[in-house]
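Asks: Predicted coordinates and the sequence they were generated for:
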Amino acid sequence: MTAAAGGLPGVPLLAALLGLLLPVRGGRRARAAAIALGIGGAAVALGLAVALAVHSGQVSGGYRIADFGRLPVTLSVRVDAAAALVAVAVGVVALAVQVYSVAYLSGDDRYPPYAAQVSLFTAAMLLVVVSGDLIVLLVGWEVMGICSYLLIGHDRTLPEAPGAAVKAFLVTRVGDVGFLIGIALLGLSAGSFRIADVLAAHHSPARLTLATLLLLAGVAGKSAQFPLHTWLPDAMAGPTPISALIHAATMVAAGIYVVIRLYPLFLGAPATLAVLGVMASVTMLLGALAATAQDDIKRVLAWSTVSQIGYMAGALAVGAAPDALFHLLTHAAFKALLFLSAGCVIHAVGSNSMALMGGLRRALPVTFWCFTVGLAALAGVPPFAGFWSKDAVVAAAFDARARGPAAGWVDWLVWLAALVTALVTAWYATRLWLRTFFGPARGDGHPHEAGPVMLAPVVVLAVPAALLGLAGLAPAFAHRLGAAALVHVNAATIPPLACLVAGALLGWALWRRDPAADPALALGRAAPVFANAFYLDAVQHAAVVRPVLWLTALARRYDASLVDGAVEATGRRTVSMGDAVGQWHRAALPRAAATVLGGALLIGLAAVLVVGAR
Amino acid sequence: MTAGQALLVATLAVPALGAGGAAIVPARADRLGRLVAAAAAALAFVVSVALYWHRSGPTRVTGPIAPWHELNLRWAPGLDLRFHIGIDGISYPLVVLTALLTLICCIYTLWTVPAVEVVSRGAQPRSSPPPYGRGRLLAALLLVIQVGIVGVFLALDLVLFFVFFEIVLLPMYAVIAGWGGPARRHAARKFVLYTLSGSVLLLVGVFLVVTQAGTADLVRLSAAHGAGLSSGLQFAAFVLLALAFAVKSPLWPLHSWLPDAHTEAPTVGSVILAGVLLKMGTYGMLRIAVGVLPDAARRVAPVLGVLAVAAIIVGGLVCLAQTELKRLIAYSSVGHMGFVLLGIATLNATGLSAALIGNVAHGIITGLLFFLAGAIKDRAHTGDLTQLGGLRERMPRLAGLLGYAAIASLGLPGLAGFWGEAFAVVAALRHGGPLWTVLAVVAALGGALAAAYFLRLLRRVSHGPVGPAFAGGCPPLSAGEVLSWAPLVVLALAVGLVPALVLGLAHDPVMALVAR
């Protein structure tokens, strides 16, 4: 089983490396090879993940790859039930994305590197999932960042793509500064970077709090939590399947997964949990409100991801890791479904803008029903997947007030934020649904359903998006996630349901007044604020980007004028002094003769004086 | 003489003979001369790799330096000079890297001899082929440089170390001044004068130690841990040596010769300069300054650490505002060497290991980067970032390689550059205390800065619409280019995945160096 765990990232990595060797602008054969490698790598990884999940036992093993002065780094695996389930989710989404991309990017002339990069992305996420060593985990963590950079920048016709790609990598990299230092602190205090050793070691409370807070910086970057969430909406410049990959099972899930992986450490640091709770609450609301006023269908989904990851972070803050994991899995299913079906819509309409959609339910019946399942799961309509997991998170926050690991106010805060977010989520999901599929058609084309290669993954993903939540009712599933029971249907279920109904009704009522108009118009003056996500991009630009640019100009100027200036000046001064001395030696005959005689006189005088003094 | 000793001599003799052979070939048979040089470099590479085998084990284990092959001959008995060379786990990776990079550069020279830009008054600068075929001289000079650099890494005698350290200077001057860009003469003069003044300090420091300790033998000196030298003298000698090595490494603010030299040097010159010549400074810092004078090193370490982190930050900031391709890469070297020096300054085993692998990784990655920058400038005839752009439209392979090298250089985990930088930060945290913690945090932020400027570089060069510089014809990659880059591409990944390639042999010497 250790070999299977090692092969989990290994096989897609191999597929990626082989794929990168294919000709970039290859013809049909290179494309066919790239497709085979991409789908094959993802399929094998999925098979291995299923095998590990069925095996249901802890797998570990590894060997040392380097030793930095009695500080070993081991290439090791550590697969528990949670890791195996996340690996299955990654495998399913990766396979769906690889298949879907074949049709979605059929006109792309650089398919081989694209497919290889998706494979590398999958390998990196799986490495994060199975790694038993924090440094090796960091390898997967950052390789994922660079893959997102490469894939977001894939579309060469979009002028904003390169900038969005750079932003995605840099914002997460800034968070990773904290992540690296946090790992280093934990590793140094444990004398090893193996997760088992780090969890077993005794860390002082101050160090634990500091290290987990620093880890949180990296988590915020990867999982797009406030204030490092700004990259995710811009990342929509990437092809739609990539959005599905980033949002569902890789990248953004990685941050939450790592917290779950190291959860015993976080439980020992209540201050960190409080920070996480505040961060999660702000993110949930921020993401949901920003989603209300977007016109781009992908941006609505992007902001909904920000908000939903906030639910997972909130569950972690109140001490409910199994519920966070549950929501992570259901979210992976319904968000992959939503993005891939949004891809079908965009493919049909030829635009991301909802202003050009409307009335599509007749032209795109399959997409419509799949999209509906996804939105119902997102909003938390029973019995779709999102209902059960979201309910579990809300109930956990409610239950934690008395006996949670964090301070009581954190639990209240998370609970309240989760309820308000549920209302807003229902509102914007309704708006998206009605504005895309109902009302008069606003586009001028003749949209038609995508081919079977694109629809098949969508339909397959609709199954877990609808039904995965029911697994939460099974005690065996709950035990594997680490909880006694996940689903609590009781009085605490009523508030989130009430919020759902209220939000959906409000959305429907606003749309009903004028089916052709945007319900977001009702937001009035708040609409542009929400559409621009509270202008946090501008804040980031003014607070970080401009000062850094100012510093760079300063550094460049003074490095040239001061540091190098001193060197050049030394050279020039030496030359000019040499010239002066040379000038001084060049004289007309009378002065030269007088100088020579004078010198001779001086030397003679000195000799006489010295000898005389003896 | 044992097989090991014969190999040691051969690592120096083969390139020396090859240089002589290549230089005496007449000018009309220039290509033959280049072939001779490439053959000698290939043989030297095989010999240097072969040093790994026939390890008889250390002849005596008395201190930090336990060479597995050693040769100790009388050289100038009247002056009590000895020709004492040897190899251990710290020097071996650097010797192999030097031989490899020289070989690659000689192969590259088989295909491409740098054109010299002639600037005549009132006319556009134009490239013209060199007035006479003199690629063989360039290759011969590269081999002479190899002799000097390998000698530095092998020397186990302080005076011998100094001699080899100086051998490198003039051939490098000739390479820059003879085959460089438009402002080559100024850059070459600056390089030679600046590093020569560093060498004067080195000379004084070396003789201060040698006369006071009564021996120039590095094995004995580092085993003594500075015993017999007064504290004040140790301090003075360390400062002198550290300054000399800081100029070579280079350490901010003694770095300003480097951007000029790199920008003007021909491609192969930049590769050797960044790839291995700078390593003489960090190697000397580790083996001579820290190895011989550990107590003084402990006193000066905070200053070294602060300057190293300043180099990381200033180098990064300047890169972010830089508009010339090769200059940007040169400044990135300042930042990377800052990480190496930070590792050394921590004086713990983690930091020294990080410095070793950082050294090798920088040689591989920056060597590759300079090759790619050279290839781009050959095609675009400019390194101005505002003129470039859209490389991935015109030459997707070259753009892909540039992306790979840039990503490796920004320290992406899984590629070679990561280990040295991340563990320099870990080592600073391991050192503990408020100063070193701050240094670690600032250095880690410098890592984020590296990502910023490399992605900016890619955005300017690879992405976007095709820039005016690429508007003309872009000849496809030549066989020589592909052949000479391939080993570096593979090594950047291999060292990234298996850092033990570099660190496996170094563990024992590093532990011995920090054990007191």
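Replies: Nice, thanks for sending it over. What you are looking at is a predicted structure, and each value in this text was computed from that prediction instead of being measured.

Asks: What is the three-state secondary structure of residue B:178?
Replies: Using DSSP: H, G, I helix; E, B strand; the rest coil, the three-state assignment for residue B:178 comes out as helix.

Asks: surely it meets residue B:138?
Replies: Yes - using C-beta atoms under 8 Å, residue B:178 is in contact with residue B:138, at 7.3 Å. The C-beta positions use only the backbone N, C-alpha and C, and glycine is treated the same way.

Asks: Neighbour count: these two, which is higher?
Replies: Neighbours were counted for residue B:178 and for residue B:138 using other C-beta atoms under 10 Å in any protein chain shown; residue B:138 has more, 27 against 19.

Asks: That one reaches residue B:110, doesn't it?
Replies: No - taking contacts as C-beta under 8 Å, residue B:138 lies outside contact range of residue B:110: 11.1 Å.

Asks: residue boundaries of the helices in the stretch 251-400 of chain B?
Replies: Ranges of helices in the stretch 251-400 of chain B, per DSSP state H, counting those that start in this stretch, are B:257-264, B:267-272, B:278-284, B:291-292, B:294-321, B:325-346, B:349-380, B:391-394, B:396-409.

Asks: Adding distance to chain A, write these out as a markdown table.
Replies: Output for the helices of the stretch 251-400 of chain B, formatted as a markdown table (distance: least, C-beta to the nearest C-beta, whole Å):
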| stretch | distance to chain A |
| --- | --- |
| helix B:257-264 | 7 |
| helix B:267-272 | 19 |
| helix B:278-284 | 17 |
| helix B:291-292 | 16 |
| helix B:294-321 | 4 |
| helix B:325-346 | 8 |
| helix B:349-380 | 2 |
| helix B:391-394 | 7 |
| helix B:396-409 | 4 |
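
Asks: Contact residues of the stretch 51-200 of chain B facing chain A?
Replies: Proximity of the stretch 51-200 of chain B to chain A (C-beta under 8 Å from any C-beta of the partner chain) is limited to residues B:190, B:193-194.

Asks: In chain A, what helix or strand scores lowest on average pLDDT?
Replies: Within chain A, confidence by mean pLDDT, DSSP states H and E is lowest for strand A:59-67 among all helices and strands, at a mean of 77.

Asks: do it and chain B meet at all?
Replies: Yes - on the criterion C-beta under 8 Å from any C-beta, strand A:59-67 is in touch with chain B at A:64-67.

Asks: I'd like to know which of those are buried.
Replies: For the residues of strand A:59-67 next to chain B, a neighbour count by 16 or more other C-beta atoms under 10 Å in any protein chain shown gives the buried set as A:65-67.

Asks: so residue A:118 touches residue A:99, yeah?
Replies: No - counting by C-beta under 8 Å, residue A:118 sits too far from residue A:99 to count as a contact (11.1 Å).

Asks: So these two - more neighbours on which side?
Replies: Between residue A:118 and residue A:99, counted using other C-beta under 10 Å, the more crowded position is residue A:118 (31 against 22).

Asks: For that one, which three-state class applies?
Replies: Per three-state DSSP, residue A:118 ends up helix.

Asks: who's in contact with it?
Replies: Contact partners of residue A:118, counting by C-beta atoms under 8 Å, 6 or more residues apart in numbering or on different chains, are A:38, A:94, A:97-98, A:101, A:147, A:151, A:241-242, A:245.

Asks: In helices, which of these appear?
Replies: Secondary structure from DSSP state H places A:38, A:94, A:97-98, A:101, A:147, A:151, A:241-242, A:245 of the contacts of residue A:118 in helices.

Asks: Of those, which is the nearest to chain B?
Replies: residue A:147 (10.4 Å; C-beta to the nearest C-beta).

Asks: What's the separation between the residue nearest the centre of chain A and residue A:140?
Replies: Nearest residue to the geometric centre of chain A (C-alpha atoms, centre = their mean): residue A:222, 3.4 Å. In this view, residue A:222 and residue A:140 are 11 Å apart by C-beta to C-beta, to the nearest Å.

Asks: Likewise for residue A:71?
Replies: On the measure of C-beta to C-beta, residue A:71 and residue A:140 end up 20 Å apart.

Asks: Ok, residue A:308 next?
Replies: Residue A:308 sits 23 Å away from residue A:140, going by C-beta to C-beta.

Asks: Show me which of those two is the more surrounded one.
Replies: Between residue A:308 and residue A:140, residue A:308 has the larger neighbour count (other C-beta under 10 Å), namely 29 against 23.

Asks: What is the burial count for the closest residue to the more buried one other than its chain neighbours?
Replies: Nearest residue to residue A:308, sequence neighbours excluded (C-beta to C-beta, 6 or more residues apart in numbering or on different chains): residue A:331, at 5.3 Å. A count of neighbours around residue A:331, defined by other C-beta under 10 Å, yields 32.

Asks: repeat for residue B:494
Replies: When neighbours are defined as other C-beta under 10 Å, residue B:494 has 15 of them.
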